[in-house]
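Chemist: kindly generate the corresponding structure for this input.
(4 chains)
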2 protein chains.
Amino acid sequence: MPTVSSEELAAAAGVNSAKLRKDFSYLGSYGTRGVGYDVEYLVYQISRELGLTQDWPVVIVGIGNLGAALANYGGFASRGFRVAALIDADPAMAGKPVAGIPVQHTDDLEKIIQDNGVSIGVIATPAGAAQPVCDRLVAAGVTSILNFAPTVLTVPDGVDVRKVDLSIELQILAFHEQRKAGEDHGGTVPPAAAHQEPGEQGPDGDVPAVMPA
Amino acid sequence: MPTVSSEELAAAAGVNSAKLRKDFSYLGSYGTRGVGYDVEYLVYQISRELGLTQDWPVVIVGIGNLGAALANYGGFASRGFRVAALIDADPAMAGKPVAGIPVQHTDDLEKIIQDNGVSIGVIATPAGAAQPVCDRLVAAGVTSILNFAPTVLTVPDGVDVRKVDLSIELQILAFHEQRKAGEDHGGTVPPAAAHQEPGEQGPDGDVPAVMPA
DNA sequence: AGGTGTGAAAGGGTTCACAGCG
DNA sequence: CGCTGTGAACCCTTTCACACCT
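Modeler: Numbers count the residues shown, from 1 in each chain, chains lettered A, B, ... in the order given. Have a look, this model is predicted:
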């Protein structure tokens, strides 16, 4: 299949074809009228725009179950991510290989970051260790942090943090599950929040915008 | 602190106070004019609306690193989730306790679901096993599935699926990282997508709406 | 013809601003 | 007087519809 139309892609993605064309148009004019989009060319252009063609060395700090799961996760390599190092505070872990990469001790964190030119760090430590680790990562030159620890991190301006809460997705499912069952609700919620569109399976839309901890 | 104003909550959440008040108004009139919101009462009302006051038994299928990390995750209990069972296809795992819960074999999946009245299942298996597991969960009565396997699942109408891709958040960070560094871009992207607001750390907004696999 | 690229219309969500209540 | 609750204004995103190119 050398070429696709916006109509076909839209159907596959579960969106309107006009939206898809408009979105693509922000990247440039990569389609051919009367024909569609050249698949290979389009994939390359989107990959480049998203930064998938670059090599991103990342470090994972905190090699418990979650850290190990991340280290073993196959999806990283294909998106341009390379696990440059695994770091843990437990001296007993040092030297042990996880996913083929030897775990290093937290003492060497700064050196590891600098030697590998790492700008993205993943924190998978317990809650208490997260902020100190974060501070050291930032001081060593990391400017983007993915945080799996159940804490809100404080960082200086110019540093991006994204927090992943493994229970939030479950909570969204439970929210809908609740509605499937009993239909006796106190309040009124606008239709947009009532239910996700069938077909989509992703973390977007359909989530209350404001949800205090 | 027995009471909060919408202004204070909005500042803490990094949003507009009017939005917060409007959002709350969909749940009912839980505030007091001239005073603010009674914290304890508000927390209860929001919890109830989100389904946090209920008990949600869940099963986790696939007890590798990720499954184990989920089983050990502390955040579930406080949100009303109870890990009713851990299930794995490896006979060697059967009986082994993970996070204090003995792992059970896939053969007993249907019985486990029914005995515990489980309606929410978590899939943390390898990609190949995900769809068969999903089918069995659904046949046994599960109506909401949280999928960590790198596959898009096919389910009948009435079943909700949410897919968590651990590399997508990393990709979003890399996208911004790329912009921090070089500023030579081919295309033009609308301002809303240019950068996340400082202060927020969540998986929402700021993500291209359409991103074909 | 067939399908992109895009101005213009429609729609939905956010913000303003203030009436109204404690 | 202070702060909620909310109609109305505003703005951004999505969709329509069609000119234009292949």
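Chemist: what pairs with the longest strand anywhere in chain A, and is each one parallel or antiparallel?
Modeler: The longest strand of chain A (DSSP state E) is strand A:81-88. Strand A:81-88 has the following strand partners under DSSP bridges: strand A:56-61 (parallel), strand A:101-105 (parallel).
Chemist: turn these into TSV, including mean neighbour count, distance to DNA strand C and mean pLDDT.
Modeler: C-beta coordinates here come from the backbone N, C-alpha and C atoms, glycine included. Conversion of these to TSV gives the following (neighbours: other CB atoms under 10 Å in any protein chain shown; distance: least, CB to the nearest atom of the strand, whole Å; pLDDT from 0 to 100):
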stretch	mean neighbour count	distance to DNA strand C	mean pLDDT
strand A:56-61	23	29	98
strand A:101-105	17	41	98
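Chemist: how does chain A divide up, domain by domain?
Modeler: The domain map for chain A lists A:3-50, A:56-163, with the assignment taken from automatic domain parsing.
Chemist: winner for burial among those domains?
Modeler: Ranked by mean neighbour count under mean count of other CB atoms under 10 Å in any protein chain shown, the domains of chain A are led by domain A:56-163, which reaches a mean of 19.
Chemist: that one: how far from the chain's middle?
Modeler: With CA atoms, centre = their mean, to the nearest Å as the basis, domain A:56-163 stands 14 Å off its chain's centre.
Chemist: from start to finish, how long is that domain in a straight line?
Modeler: Distance across domain A:56-163, first residue to last, is 19 Å (CA to CA, to the nearest Å).
Chemist: ok, stretch A:1-8 next?
Modeler: This stretch, stretch A:1-8, spans 12 Å end to end (CA to CA).
Chemist: near DNA strand C at all, it?
Modeler: Yes. Counting by CB under 7 Å from any atom of the strand, contacts between stretch A:1-8 and DNA strand C involve A:V4, A:S5, A:S6, A:E7.
Chemist: and the pLDDT at the nearest residue to the second one once chain neighbours are set aside?
Modeler: Spelled out, that is A:S5. In this structure, A:S5 finds its nearest non-sequential neighbour in A:G36, 4.0 Å apart by CB to CB, 6 or more residues apart in numbering or on different chains. Per-residue confidence (pLDDT) for A:G36: 98.
Chemist: check for me that A:V122 belongs to a helix.
Modeler: No. Assigned with DSSP: H, G, I helix; E, B strand; the rest coil, A:V122 falls outside any helix and is strand.
Chemist: which residues sit in contact with it?
Modeler: A:V58, A:V59, A:I60, A:V61, A:G67, A:L70, A:I145, A:L146, A:F148, B:L170 (CB atoms under 8 Å, 6 or more residues apart in numbering or on different chains).
Chemist: hang on, the earlier thing: so can I have a markdown table of the residues of stretch A:1-8 next to DNA strand C showing secondary structure and pLDDT?
Modeler: Shown next, in a markdown table, are the residues of stretch A:1-8 next to DNA strand C (DSSP: H, G, I helix; E, B strand; the rest coil; pLDDT from 0 to 100):
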| residue | secondary structure | pLDDT |
| --- | --- | --- |
| A:V4 | strand | 98 |
| A:S5 | coil | 98 |
| A:S6 | helix | 98 |
| A:E7 | helix | 97 |
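Chemist: no more questions from me, cheers.
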